[in-house]
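Visitor: structure for this input, please:
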Amino acid sequence: MKKIKYVGIAGNIGAGKTTLCEKLAKHFGWTVQYESTDNNPYLADFYEDMKRWSFNLQIYFLNNRYRQILNILNGEETIVQDRTIYEDANIFAPNLHDMGLMSARDFQNYQDLFELMTSNVQSPDLLIYLKASVPTLVDHIHSRGRDYEGSISIDYLKKLNERYDKWIDGYTDGKLVVINSDNLDFKNNPEDLGQIINTVQGQMHGLFDF
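Guide: The predicted structure follows:
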């Protein structure tokens, strides 16, 4: 039996990861490690010209999330991470490569660096996947009104969702909770949030000491 240290929230753009991170952190007394979007020097440029900036963006995320994992594993707190390094490598980078937006040379370089980094760290003790349909993602993206997200295409979100489903279907690296967020409003509805909290507690019960 060990103390849980590392919880990851996975999900497509607009799935509600940050909101769920904050809600779970408040309930369980965890600390949130946010995805670096507001101060990301590449994100706006990437959505304007994906092919030019795809490699730069993915390297930035890889570096940022690797540092987060090292801090999590070397610290004493229980951390909930807003998107994991494994999504970058299993979802976003290969999708960009397959769409012709990242060269084979850059993609291989990225993969080699990812494999080196992750050979020195561990997967989340618990991974929570927020599954959401494209209409839900689009609704959330529009409601938060980030200018740089205005150019995200339906096709791009659809391809990412397909990769997420494939990755989650084969996920064997630790405990996994899948939450379908299409019919849940855990931001505003306490009952929906309570349902998720009970599901998470059920997965952790008997596995970890608190």
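Visitor: pLDDT weak spots in the protein?
Guide: 1-2, 36-37, 206-210 (pLDDT under 70).
Visitor: which helix in it has the most residues?
Guide: helix 50-74 (DSSP state H).
Visitor: can you give me the offset of that one from its chain's centre?
Guide: Offset of helix 50-74 from its chain centre (Cα atoms, centre = their mean, to the nearest Å): 12 Å.
Visitor: for it, enumerate the helices and strands it packs against.
Guide: On a contact count with 3 or more Cβ pairs under 8 Å, 6 or more residues apart in numbering; DSSP states H and E, helix 50-74 meets strand 6-11, strand 31-33, helix 43-48, strand 79-82, helix 85-87, helix 93-98, helix 104-118. No exception for glycine: its C-beta is placed from N, CA and C like everyone else's.
Visitor: and for the residue nearest to N56 when sequence neighbours are not counted, the neighbour number?
Guide: Sequence neighbours aside, Y42 is the residue nearest to N56 in space, at 5.0 Å (criterion: Cβ to Cβ, 6 or more residues apart in numbering). Neighbours of Y42 under the rule other Cβ atoms under 10 Å: 16.
Visitor: and Y42, how far from N12?
Guide: Distance, Y42 to N12, using Cβ to Cβ, to the nearest Å: 19 Å.
Visitor: again with L127
Guide: Taken as Cβ to Cβ, the span from L127 to N12 is 15 Å.
Visitor: okay, the two: which has more neighbours?
Guide: Shown here are L127 and N12; by other Cβ under 10 Å, N12 has more neighbours (28 against 24).
Visitor: I'd say the more buried one and L157 touch.
Guide: Yes: here N12 reaches L157: they are 6.4 Å apart, a contact under Cβ atoms under 8 Å.
Visitor: list residues touching both of the two?
Guide: Shared contacts of N12 and L157, defined by Cβ atoms under 8 Å, 6 or more residues apart in numbering, are found at L137.
Visitor: checking the residue lying closest to T31 once chain neighbours are set aside next. Helix, strand or coil?
Guide: Ranked by Cβ to Cβ, 6+ apart and with sequence neighbours excluded, the top spatial neighbour of T31 is E77, at 4.9 Å. Counting by DSSP: H, G, I helix; E, B strand; the rest coil, the backbone at E77 sits in coil.
Visitor: got it, and E191?
Guide: Relying on three-state DSSP, one would call E191 helix.
Visitor: how close does it sit to R163?
Guide: 32 Å.
Visitor: grab the nearest non-local neighbour of the residue nearest the centre of the chain.
Guide: Nearest to the geometric centre of the chain sits R83, at 2.1 Å (Cα atoms, centre = their mean). Closest residue in space to R83, ignoring its immediate chain neighbours: E35 at 4.8 Å, by Cβ to Cβ, 6+ apart.
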